[in-house]
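Novice: The following comprises the amino acid sequence and a computationally predicted model.
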Amino acid sequence: MIEIKNLTKRFPGRRGETVHALSEVELTIADDEFVTVLGPSGCGKTTLLRALAGLTGWDEGDILVDGEPVRTPGPERAMVFQDFALLPWADVLDNVAFGLQLRGEPRSRRRATARELVELVGLDGFEDRLPGELSGGMRQRVGLARALAVRPRVLLMDEPFGALDEQTRRILQEELLTIWERRRLTVVFITHSIEEAVLLGDRVVLMSPRPGRIADIVPVDIPRPRSVDLHGLGRTEEFTCLTTHLWERLRAMRPDRATQPEGASRPDRAGARP
Ligand SMILES: Nc1ncnc2c1ncn2[C@@H]1O[C@H](COP(=O)(O)OP(=O)(O)OP(=O)(O)O)[C@@H](O)[C@H]1O
């Protein structure tokens, strides 16, 4: 279980001002849950994820993973970045094995694990390619395989499909769900796409404009497994209802609009009407 308690984070701004990135964020995420995080640009989504990863500190509050305070990166948490963050000089297998190398695993064992993961993400045959020889979708498969190689309990994904074309993105969404359904791990997934947030998540966490707070938590009651016909779900009434509700909440957050009260909410089916 992940517990984020009263998390507040401030950055020093360029002109000596304080940038209030996160304010009193409270969120509990269950084991094996798939949580998607949505919010206006600059609301602190990446900051929240980096804090969860132990890559950045914070000013107030706590993050606990299975009761243990997060201070630094740990083997139970792995991150997948939007820009892939691969080693350009290392081939696919060495990129996938990178985390295992940091752990000091012997080369033969880490390459064997990496081969399994390369197969899992559908990259067999490309083991000796360099990142520069791969398409964006293939690079992100490497990023995913590298994160999974360390057998994390928690996968932290920062807009992992944001840089991909629509077709590749859809395929990777389905494949990610297939992997998650098989392996069961907790996923925290940041996205700018309302559709993606609903298709993938058990709950959509909606953040407010900066300073980022939890503005809403919307449960997604679309049955699982969803990987078989993920994009067919996009035609269901439930999906339309949820995406309409989230869009209305996001639109209401524009500075020129009145904001709605904070707290958990369930979309009204009437929200699906045009
Ligand atoms: N290292 C830093 N130094 C100063 N300010 C920062 C730093 N990192 C982030 N910020 C500021 O904190 C705020 C939150 O940034 P963050 O990247 O977490 O938002 P985000 O919701 O992920 O944005 P986007 O959706 O555009 O990726 C922004 O105003 C950003 O400029």
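Specialist: Right, received. Where do you want to start? Numbering: from 1, shown residues only.

Novice: Which positions within stretch 133-142 qualify as buried?
Specialist: Using 16 or more other Cβ atoms under 10 Å as the test for burial, stretch 133-142 gives Leu134, Gly136, Gly137, Met138, Arg139, Gln140, Arg141, Val142. From N, CA and C alone the C-beta is placed, and that goes for glycine too.

Novice: Next, format those as JSON lines and append pLDDT, distance to the ligand and secondary structure.
Specialist: Formatted as JSON lines, the entries for the buried residues of stretch 133-142 read as follows, by pLDDT from 0 to 100; distance: Cβ to the nearest ligand atom, whole Å; DSSP: H, G, I helix; E, B strand; the rest coil:
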{"residue": "Leu134", "pLDDT": "94", "distance to the ligand": "24", "secondary structure": "coil"}
{"residue": "Gly136", "pLDDT": "91", "distance to the ligand": "18", "secondary structure": "helix"}
{"residue": "Gly137", "pLDDT": "91", "distance to the ligand": "21", "secondary structure": "helix"}
{"residue": "Met138", "pLDDT": "93", "distance to the ligand": "24", "secondary structure": "helix"}
{"residue": "Arg139", "pLDDT": "94", "distance to the ligand": "19", "secondary structure": "helix"}
{"residue": "Gln140", "pLDDT": "92", "distance to the ligand": "17", "secondary structure": "helix"}
{"residue": "Arg141", "pLDDT": "93", "distance to the ligand": "22", "secondary structure": "helix"}
{"residue": "Val142", "pLDDT": "95", "distance to the ligand": "22", "secondary structure": "helix"}
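
Novice: that's a strand at Glu238, yeah?
Specialist: No: according to DSSP: H, G, I helix; E, B strand; the rest coil, the state of Glu238 is helix, so it is not within a strand.

Novice: and the closest residue to Glu76 other than its chain neighbours, what does it touch?
Specialist: Spatial nearest neighbour of Glu76, chain neighbours left out: Arg153 (4.4 Å); criterion: Cβ to Cβ, 6 or more residues apart in numbering. Contacts of Arg153 were listed using Cβ atoms under 8 Å, 6 or more residues apart in numbering, and they are Asp31, Val65, Asp66, Glu76, Arg77, Leu185, Thr186.

Novice: Now, the residues you listed that are in strands?
Specialist: The subset of those located in strands under the criterion DSSP state E comprises Val65, Arg77, Thr186.

Novice: So the first one sits against Pro75, correct?
Specialist: No: Val65 sits out of contact with Pro75 when judged by Cβ atoms under 8 Å, with a separation of 11.1 Å.

Novice: Please say which of the two ends up with more neighbours.
Specialist: Val65 (20 against 12; other Cβ atoms under 10 Å).

Novice: Quick check: chain neighbours aside, which residue is closest to the more buried one?
Specialist: Taking Cβ to Cβ, 6+ apart, and ignoring the residues beside it in sequence, Val65 has Ile2 as its nearest neighbour in space, at 5.5 Å.

Novice: how close does the one you found get to Leu52?
Specialist: As defined by Cβ to Cβ, to the nearest Å, Ile2 lies at a distance of 7 Å from Leu52.

Novice: Identify the contacts common to these two.
Specialist: Shared contacts of Ile2 and Leu52, defined by Cβ under 8 Å, 6+ apart, are found at Ile63, Val154, Val188.

Novice: nearest to the ligand, of those residues?
Specialist: Distance to the ligand across these (Cβ to the nearest ligand atom) is lowest for Val188, with 12.7 Å.
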